[in-house]
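K.L.:
sequence unknown, structure follows:
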């Protein structure tokens, strides 16, 4: 039976125009889609649905039926734990073989041309990259990636006005991605149009409010205009969506310092230093730095090749390339995310859970990683594991309201009313939202506390008078 993949246009993750940097290489063509489903726990579904998303491997992914016969049976895969040894020549050859084979297999795919162009741009074969991007645009004028690549190439040679024209034309052609807005804002800043840069970047964050880099870009242009309050808010939003954003922590430390908020500034300086300690390449000799950068580049290329195979419905090939990327870097978060997505879509939940557990270990501070893991445990019929995962998530995100709210809903499903009420009260303290109050109301009703339940319902109506949320499912 075929598995259907759906896109979600209401929310988006970053996209990539080229693979020249770790950021752009790791974010090629992704958009989150679908809500988490906790089929064994309907109450938990009420909390998670529409909040966190499995990422897809493609920005322009059509709704295609995937051939389940091409997917191997679910089983315990073996994830690599240490990076495989490769010489510089072997790394180069591995990436080159992957992009050449991809183009040969999908000669009429704009996505395949774009992946190849990103690779060639990253290894400084700029003319070859430009030719491939032009060909990709001719094949698919609405494919945003090639236009972003062309714009970045223009900015790298100092043709910032040309980059603005390319990106404005992309928007006019219907290429609407978060990266288009980021790059357009950057290009407008470079030609001194700060007001227009802020306007365009604000348009971007309204359309893609979960894009941390877009928030950081907005903060940068606001900082250039000495709007410190607005810049601080934007950088805080960036950190909320990506706690490991070194750029946002560094910039926010500077903003707070300029505002005289010394304690707040020191917190973000320390956080910035902690993040940078994870990548101490500058302390090593050139050859070590070069090999590490090349490895990151090749990992990004292999991920992107896998993503194009996944877009084409070739799941076995996509899986192989994601695993190939993980053999070079077992801690690559995007390879883990995309591989977990593939397994999730194919119904290989045990495999998805194993990969998702690795992702939690890589990024314990990201709440959605824990929630996705809890989702998989629930679908595998392991409620005790769900509770354990959510309790661990509370330690990783002590200010989050969704974790205690989800725990409360789980306890309601299990008839543990006292614990549900305590968790719901904690959720209300952290986030006095209609959703939190409704969970609290349900817990109070189970305990027979009619007055407290009525008070919580009244608060929920006050928080959402026009469209009160769905009441949590009680056992």
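P.N.:
Arrived safely. The structure displayed is predicted, hence computed values, not measured ones.

K.L.:
low pLDDT regions in this protein?
P.N.:
For the chain, residues meeting the criterion pLDDT under 70 lie at 1-75, 278-289, 466-475.

K.L.:
which ones are touching residue 349?
P.N.:
Counting by CB atoms under 8 Å, 6 or more residues apart in numbering, residue 349 makes contact with 74, 343, 376, 379-380. C-beta here means a position set from N, CA and C on the backbone, and glycine is covered the same way.

K.L.:
and of these, the nearest to residue 157?
P.N.:
Checking these against residue 157 by CB to CB gives residue 343 as the nearest, at 41.7 Å.

K.L.:
what about that closest one, neighbour count?
P.N.:
Counted by other CB atoms under 10 Å, the residues lying close to residue 343 total 26.

K.L.:
how much space separates it from residue 385?
P.N.:
17 Å (CB to CB, to the nearest Å).

K.L.:
ok, now residue 181?
P.N.:
Residue 181 sits 40 Å away from residue 385, going by CB to CB.

K.L.:
then residue 319?
P.N.:
Counting by CB to CB - residue 319 and residue 385 are separated by 25 Å.

K.L.:
over to residue 231?
P.N.:
According to CB to CB, residue 231 and residue 385 sit 42 Å apart.

K.L.:
can you check residue 78 too?
P.N.:
Applying CB to CB, the value for residue 78 to residue 385 is 21 Å.

K.L.:
between these two, which one's more packed in?
P.N.:
When neighbours are counted by other CB under 10 Å, residue 78 and residue 385 differ, and residue 385 comes out ahead with 16 against 8.

K.L.:
before we move on, what SS does the more buried one have?
P.N.:
Classification of residue 385 using DSSP: H, G, I helix; E, B strand; the rest coil returns helix.

K.L.:
can you count the residues close to the residue lying closest to it once chain neighbours are set aside?
P.N.:
Excluding the flanking residues, the one nearest residue 385 by CB to CB, 6 or more residues apart in numbering is residue 377, at 4.1 Å. Other residues within reach of residue 377, judged by other CB under 10 Å, total 25.

K.L.:
state the helix or strand in which residue 377 lies.
P.N.:
Secondary structure from DSSP states H and E places residue 377 in helix 367-379.

K.L.:
show me where this structure has strands.
P.N.:
Using DSSP state E, the strands of the chain run over 3-4, 32-33, 54-55, 65-66.

K.L.:
quick check: the residue nearest to residue 385 vs residue 431, distance?
P.N.:
Distance from residue 377 to residue 431, by CB to CB: 24 Å.

K.L.:
go on, residue 206?
P.N.:
Using CB to CB, one obtains 22 Å as the distance from residue 206 to residue 431.

K.L.:
between these two, which has more neighbouring residues?
P.N.:
Using other CB under 10 Å, the more surrounded residue of residue 206 and residue 431 is residue 431, with 16 against 10.

K.L.:
can you count the residues close to the nearest residue to that one once chain neighbours are set aside?
P.N.:
In space, and not counting its chain neighbours, residue 431 is closest to residue 401: 3.2 Å by CB to CB, 6+ apart. Using other CB under 10 Å, residue 401 has 18 other residues around it.

K.L.:
would you confirm that residue 401 contacts residue 437?
P.N.:
No: the pair residue 401 / residue 437 is not scored as a contact, 11.2 Å apart, by CB atoms under 8 Å.

K.L.:
mind listing the shared neighbours of those two?
P.N.:
Common neighbours of residue 401 and residue 437 (criterion: CB under 8 Å, 6+ apart): residue 428.

K.L.:
any buried residues in stretch 188-208, and which?
P.N.:
If you call a residue buried by 16 or more other CB atoms under 10 Å, then stretch 188-208 has these buried ones: 188-189, 193, 196-198, 200-202, 204-205, 207-208.

K.L.:
nope, stretch 160-178 is what I meant
P.N.:
Neighbour counts over stretch 160-178 (16+ other CB under 10 Å) mark 160, 162-164, 166-168, 170-171, 175-178 as buried.

K.L.:
so which of the buried residues of stretch 188-208 is the closest to residue 307?
P.N.:
Nearest to residue 307, judged by CB to CB, of those is residue 208 at 18.9 Å.

K.L.:
next, that closest one: phi, psi?
P.N.:
phi -130, psi 70 (degrees, to the nearest 10).

K.L.:
tell me which residues in the biggest helix by length in the chain are buried?
P.N.:
As assigned by DSSP state H, the longest helix anywhere in the chain is helix 286-311. By 16+ other CB under 10 Å, the buried positions in helix 286-311 come out as 291, 294-311.
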